[in-house]
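Asker: my questions are about this predicted structure, shown below with the sequence.
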Amino acid sequence: MASPVNMIQLLQGYLHVTTNRQQIVAANMANVDTPGYQTRDINFQQAMQQVVNGNNGPQLEPASLSVEGLPERPDGNNVNIDRESMVLSEAQLQYQMGVQLIEDQFHNVLTAIKE
Amino acid sequence: MGLFGMMGISASALSAERERAEVTSANLANAETTHTDSGGPYVRKEVVFSAANSSPFQTVFNGLDSMEQPSGSVQINQIVNDQTPPVMRYEPGNPDADEKGYVAYPAINPVSEMVDLMDATRAYQLNASAINAAKQMIQESIGILKTT
């Protein structure tokens, strides 16, 4: 079983990935009226793989990529407000879950100290 | 960067959308203005947005220097004048009428301005809710400190 410290490090990486995703969603929402702006997102799986493999080198932000298959408006902008709102709440809940799990890990450590 | 960077991005959108609403209100207010300091009728104005520092290189680079505007934020590129010619109305009694009795009115359609204003309001609300999401996430992470 993974030690609480390892778990906390993993969860920290998870929070980092969800925060990055959240930030990209904020950028998409900010550019909802920018002509020619293309919706971006991160590859969640790839970013999590990096965290799990313990890539401790100089941390580059996960490269964001354009999202394919969204209908484009005449001004070349393809931001879909419904999609962004959905991803925003999704990332928010994921973040909440990560925080809860970290709190749980700390709680376990505290219990081990007290017992 | 991170959650505070996210708030910075949304805040840039709030100010950009507010500016847009301001320009749209000015257009609405001056829909019947036939006389300006520069002569001639009021000219309809429109804002053009552009994404700031949106390239992937800039994203990494800005992580090193937190003073820069966060990548992905939006800014007002320019405010352009609408080139549509003014609408001529026959009003011989108007002091701004030309020798044939026609008055040049700005080519402003109040309906499309209202739609633009609603659009700006909705975009403002959208970004305000993104800021609320970031705030809530920051507060949750503060909650880790309260573990007992």
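Answerer: Received it, and whenever you're ready, just let me know what you need. Bear in mind that the values here come from a model prediction, so they are computed numbers and not experimental data.
Asker: buried set for stretch B:79-89?
Answerer: Along stretch B:79-89, these residues count as buried under the neighbour rule (16 or more other CB atoms under 10 Å in any protein chain shown): residue B:86. The C-beta positions use only the backbone N, C-alpha and C, and glycine is treated the same way.
Asker: can I get that stretch in PDB, CA atoms only?
Answerer: The C-alpha trace of stretch B:79-89 is given here as PDB (Å, rounded to 0.1, in the frame of the first residue of the first chain):
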ATOM      1  CA  ILE B  79     -11.600  50.500 -31.200                       C
ATOM      2  CA  VAL B  80     -12.600  50.900 -34.800                       C
ATOM      3  CA  ASN B  81     -15.000  53.300 -36.500                       C
ATOM      4  CA  ASP B  82     -17.900  51.800 -38.400                       C
ATOM      5  CA  GLN B  83     -17.400  52.900 -42.100                       C
ATOM      6  CA  THR B  84     -21.100  52.700 -43.000                       C
ATOM      7  CA  PRO B  85     -22.200  56.000 -44.600                       C
ATOM      8  CA  PRO B  86     -24.600  58.100 -42.500                       C
ATOM      9  CA  VAL B  87     -28.300  57.900 -43.100                       C
ATOM     10  CA  MET B  88     -29.700  61.000 -44.800                       C
ATOM     11  CA  ARG B  89     -33.100  62.200 -43.600                       C
END
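Asker: now it: average pLDDT?
Answerer: In this model, stretch B:79-89 carries a mean pLDDT of 91.
Asker: give me the contact list for it.
Answerer: Stretch B:79-89 is touched from outside by B:23, B:40-41, B:43-48, B:102-107, with contacts defined as CB atoms under 8 Å, 6 or more residues apart in numbering or on different chains.
Asker: residue contacts, residue B:25?
Answerer: residue B:117.
Asker: ok, back up a step: which pair in the contacts of stretch B:79-89 spans the largest distance?
Answerer: Across those, the longest distance by CB to CB is 31.8 Å; it joins B:48 and B:102.
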